[in-house]
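Visitor: Let's see this in three dimensions:
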Amino acid sequence: MTITCPHCTKLLKISDKIRTSVQQLPPKQSVRLKCPQCENTIFVNAESFTTATEQRASPHKGQSTNSKIKPKVKPPAPPDISWLKEGVFEEKEVIEDIPQSLILIQSGAERDQVAEAVESIGYQPTFAESAEEAIEKMQFVNYASVIFHCQFEETDLNDSFFHQFMCGMGMQKRRFIFYILIGPEFSTLYDLEALANSANLVVNDREVPQLVTVLRKAIPQYEELFGTLMAEINAYSG
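Guide: Predicted coordinates for the structure are as follows:
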């Protein structure tokens, strides 16, 4: 399956695994992918594959629709979705091409709002119920963003086990994580406060309902400043 990049018009090959995951997303929800040709961000949803299929099915100008039909090739079997009925999605099945966000917020309305916000901009939200669980998850998954509420461990931020873990993380891994702190003491989008707390973004609890707008402003600015540098470092490290 291929789609066309809207920026450079190059055809991009999409794996069956990614296509299946995208087609299972709720209506109007999309995921962010980076074009390997021009490195611009593109948004892909189920309609992208429908459009691509229709374009291939339509005959080219001047081509006869009565031409000899080639025998159909038997398609591969559909994916096993037995896990869907059980509500269990093992981590090893998560598509690596879809950026993931690890959320450390106590269960409730605020966590639901944060999860909905990151989903709307193409991230796959995952949760941890403790600092220890979060650190264990990060040993096996490269999260694109980590969102931490300063009251998650019911202690001051400076005494937080998880926050200290993030502050002490080696830069070869930390530089690729967009670290967001949420709490009542922060001033939303205050870069100096974020820098002082070794984070990329701070958000006050009051602005969590507007988190989508905050992220749409903060993440492009971050990618504009550091995107090229991160790509060069990643290529060199690889």
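
Visitor: hmm, which helix or strand of the chain has the shakiest average pLDDT?
Guide: helix 46-57 (a mean of 57; mean pLDDT, DSSP states H and E).

Visitor: what domains does the record give for the protein?
Guide: Domain assignment of the chain by automatic domain parsing yields the ranges 2-57, 99-237.

Visitor: Let's have these in a markdown table, adding mean neighbour count.
Guide: Bear in mind the C-beta positions are built from the backbone N, C-alpha and C, glycine included. As requested, the domains of the chain are exported to a markdown table (neighbours: other CB atoms under 10 Å):
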| stretch | mean neighbour count |
| --- | --- |
| domain 2-57 | 14 |
| domain 99-237 | 16 |
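
Visitor: which stretch in these is the model least sure about?
Guide: Sorting the domains of the chain by mean pLDDT places domain 2-57 lowest, at a mean of 68.

Visitor: As a check, name the ranges of all helices in the protein.
Guide: Using DSSP state H, the helices found in the chain span residues 16-23, 46-57, 82-86, 109-120, 131-138, 161-167, 171-174, 191-196, 211-237.

Visitor: Alpha carbons of the first one, as PDB, please.
Guide: C-alpha atoms of helix 16-23 as PDB (Å, rounded to 0.1, in the frame of the first residue of the first chain):
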ATOM      1  CA  ASP A  16       0.300  -3.700   6.200                       C
ATOM      2  CA  LYS A  17       0.800  -3.500  10.000                       C
ATOM      3  CA  ILE A  18       0.600   0.300  10.100                       C
ATOM      4  CA  ARG A  19      -2.300   0.400   7.700                       C
ATOM      5  CA  THR A  20      -4.300  -2.100   9.800                       C
ATOM      6  CA  SER A  21      -3.600  -0.100  13.000                       C
ATOM      7  CA  VAL A  22      -4.600   3.200  11.300                       C
ATOM      8  CA  GLN A  23      -7.800   1.700   9.900                       C
END
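
Visitor: Thought residue 204 was touching residue 187, still the case?
Guide: Yes: counting by CB atoms under 8 Å, residue 187 touches residue 204, with 6.4 Å between them.

Visitor: and residue 135, what does it touch?
Guide: 162, 165 (CB atoms under 8 Å, 6 or more residues apart in numbering).

Visitor: For it, give its distance to residue 176.
Guide: Applying CB to CB, to the nearest Å, the value for residue 135 to residue 176 is 17 Å.

Visitor: try residue 211
Guide: 21 Å.

Visitor: same question, residue 112
Guide: Distance of residue 112 to residue 176, computed by CB to CB: 27 Å.

Visitor: go on, residue 193?
Guide: The value you get for residue 193 to residue 176, if CB to CB is used, is 22 Å.

Visitor: Residue 102 too?
Guide: From residue 102 to residue 176 the distance is 13 Å (CB to CB).

Visitor: Identify the contacts common to the two.
Guide: Counting by CB under 8 Å, 6+ apart, nothing touches both residue 102 and residue 176.
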